[in-house]
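Student: predicted model and sequence follow; I will ask about them next.
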Amino acid sequence: MKDFKKLYFVIIIILFLSLNSCSKTKTTYLPYETAKNINSILVLPFEICSENSESFFYCPVREVISGYVELSAKETLNRLLKKFLSNYSSHYNFIFLSENEFENIISQILEETKNPAEIIKELCKKTNTQGVLYGRIYRFIERKGSSFSIVEPASVAFALVLYDGETGKILWMEEFYETQKPLSENILNIKLYGKLKWLSAEELAERGLIKIFKTFPLK
């Protein structure tokens, strides 16, 4: 039995190392004609998707299923996003709006138009930016239990979209949706989870951002 356990962990380590060696993502870049005009990007506070909410931002997610969203979700994802964007400060200048600042600006714009592309253009004009980064939360469920014993695992789903301030069109988009599963059900998830324990919703969201930002386009 002990030999079997040793062999099991050896297999896990080998798979983990092989996945890391094969998982390098090629850096993506914006087309030159677009990139040359984008110096500053407006970062909006995350928006929560719910059945009763109305959004004025086009976000064509494919397979995300909405669910419960913890009260701390927006603050957590806004904080994590700001930390991740600091890695790209040599490529873009990021302008962050607080919730109140965003509500004041968007209310002014909505008096003139409700067209998604026009809203993006107006946001950029009012903030002297050339792109808008928008995030939407679909699910943010905290685990029930500890990192080693759970009743219910963490579950997180969100999307990020980068819009061109000149045209209002989408330049880049990624979505992340994951409910943590036991490694015995999917050993390949060890690369995403990073360690042999049950993650909190924040830890799972952070790993989601790591995965998403592998394709974030540079100038």
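Tutor: On my side now, so go ahead. Residues are numbered from 1 along each chain as shown.
Student: can you tell me the closest non-neighbouring residue to residue 180?
Tutor: The shortest distance from residue 180 to any non-neighbouring residue, by Cβ to Cβ, 6 or more residues apart in numbering, is to residue 153 (4.1 Å). Every residue, glycine included, has its C-beta placed from N, CA and C.
Student: so after the lowest-mean-pLDDT helix or strand in the chain, what's the next helix or strand?
Tutor: When the helices and strands of the chain are scored by mean pLDDT, DSSP states H and E, helix 2-21 comes last with a mean of 48. Proceeding N to C from helix 2-21, the next assigned helix or strand is helix 32-35, under DSSP states H and E.
Student: how about that next one as PDB, C-alpha atoms only?
Tutor: In PDB, the C-alpha atoms belonging to helix 32-35 read as follows (Å, rounded to 0.1, in the frame of the first residue of the first chain):
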ATOM      1  CA  TYR A  32       0.200  47.600 -35.200                       C
ATOM      2  CA  GLU A  33      -2.500  49.900 -36.600                       C
ATOM      3  CA  THR A  34      -4.500  49.400 -33.400                       C
ATOM      4  CA  ALA A  35      -1.700  49.200 -30.900                       C
END
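Student: would you mark the buried spots in it?
Tutor: Residues 34-35 are the ones in helix 32-35 that count as buried (16 or more other Cβ atoms under 10 Å).
Student: for it, packing partners?
Tutor: Helices and strands touching helix 32-35, by 3 or more Cβ pairs under 8 Å, 6 or more residues apart in numbering; DSSP states H and E: there are none.
Student: what does the next helix or strand after that helix contact?
Tutor: Next along the chain after helix 32-35, taking DSSP H and E as the criterion, comes strand 40-43. Contact partners of strand 40-43, identified using Cβ atoms under 8 Å, 6 or more residues apart in numbering, comprise 81-82, 85, 92-97, 123-124, 127-133, 162, 165.
Student: gap between strand 40-43 and the chain center?
Tutor: Chain-centre distance of strand 40-43: 16 Å, with Cα atoms, centre = their mean, to the nearest Å.
Student: partners of that strand, with directions?
Tutor: Strand 40-43 has these partner strands in its sheet, going by DSSP bridges: strand 93-96 (parallel), strand 131-141 (parallel).
Student: before we move on, back to that, correct me, but the residue nearest to residue 180 touches residue 178?
Tutor: No. Counting by Cβ atoms under 8 Å, residue 153 sits too far from residue 178 to count as a contact (9.5 Å).
Student: list residues touching both of the two?
Tutor: By Cβ under 8 Å, 6+ apart, no residue touches both residue 153 and residue 178.
Student: for residue 58, which of the strands paired with strand 40-43 is the nearest?
Tutor: Closest to residue 58 of the strands paired with strand 40-43 is strand 131-141 (Cβ to Cβ; 9.2 Å).
Student: mean confidence for that closest one?
Tutor: For strand 131-141, mean pLDDT is 97.
Student: pLDDT of the next helix or strand after that strand, averaged?
Tutor: Using DSSP H and E, the helix or strand that follows strand 131-141 in sequence is strand 144-145. Across strand 144-145, pLDDT averages out at 91.
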